[in-house]
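Engineer: Fold the stuff below for me.
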Amino acid sequence: MNDTYVEVMVARKKNPLVGVGRIACYVLSVLFFLLGIVSSGFLIVIAAALAAVAYFVFPRLDIEYEYLYIDREISIDKIMSKEKRKNVYTVDLNKMECIAPVNSHELDSYKARNLKVYDFTSLEEDRKVFSIVYETGREGTVLVNFEPNEEMLRAIKNVFPRKVIEY
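Structural biologist: Residues are numbered from 1 along each chain as shown. The predicted structure is shown next:
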């Protein structure tokens, strides 16, 4: 079998407030712990809760997306803190209507219908973002935004030449 395989990694733009919030949680947890030793045990519980938030919640906000194109299917994985991977969406390209840049006029009729939009992009302004118009069974038609590279677009265009719009 001659399967085509293309992999693209996209890091989501980091929010600077996440780092500030994480440091603030650690500082507040140390402060509440020291105050809890002097006054009451309840402040120690608050300190432990703040430390747990800083340790478990904030790392999940460091996100990367991995797009895998394997033989007429795009699998989108979400990677949190470069440690935990989760498959968030799979697109069967046999069911797609088209792929076009987000600002293309080909998508105007779909945007007018207020379809559900899934955004798996880096949120950077200078990136070329494409939308897949995809027909699902349970949700109807959806738009899936992603940032493929030239190799992935070429591989999809080889199989679906009339469905890939590059302007």
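
Engineer: Secondary structure element holding Arg22?
Structural biologist: Using DSSP states H and E, Arg22 sits in helix 16-38.

Engineer: That helix - contacts with which helices or strands?
Structural biologist: Where contact means 3 or more CB pairs under 8 Å, 6 or more residues apart in numbering; DSSP states H and E, helix 16-38 is packed against helix 42-52. The way it works is simple: take the backbone N, C-alpha and C, and place the C-beta from them, glycine included.

Engineer: For the helix it packs on, what is the distance to the chain centroid?
Structural biologist: How far helix 42-52 lies from its chain's middle: 31 Å, per CA atoms, centre = their mean, to the nearest Å.

Engineer: Now do the closest residue in space to Val164 that isn't next to it in sequence: how many residues are near it, please.
Structural biologist: The shortest distance from Val164 to any non-neighbouring residue, by CB to CB, 6 or more residues apart in numbering, is to Lys157 (4.3 Å). Residues within reach of Lys157, counting by other CB atoms under 10 Å, total 15.

Engineer: Next: the one 4 residues further on.
Structural biologist: Look at Pro161: counted by other CB under 10 Å, it has 8 neighbours.

Engineer: one step back: hey, C-alpha coordinates of the helix or strand encompassing the residue nearest to Val164 in PDB?
Structural biologist: Secondary structure assignment for Lys157, by DSSP H and E: helix 150-159. Below are the C-alpha coordinates for helix 150-159, written out as PDB (Å, rounded to 0.1, in the frame of the first residue of the first chain):
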ATOM      1  CA  GLU A 150       3.000  23.300   1.900                       C
ATOM      2  CA  GLU A 151       3.800  19.600   2.000                       C
ATOM      3  CA  MET A 152       0.500  18.700   3.600                       C
ATOM      4  CA  LEU A 153      -1.500  20.900   1.200                       C
ATOM      5  CA  ARG A 154       0.300  19.300  -1.700                       C
ATOM      6  CA  ALA A 155      -0.500  15.800  -0.400                       C
ATOM      7  CA  ILE A 156      -4.200  16.600   0.100                       C
ATOM      8  CA  LYS A 157      -4.300  18.300  -3.300                       C
ATOM      9  CA  ASN A 158      -2.900  15.200  -5.000                       C
ATOM     10  CA  VAL A 159      -5.900  13.200  -3.800                       C
END
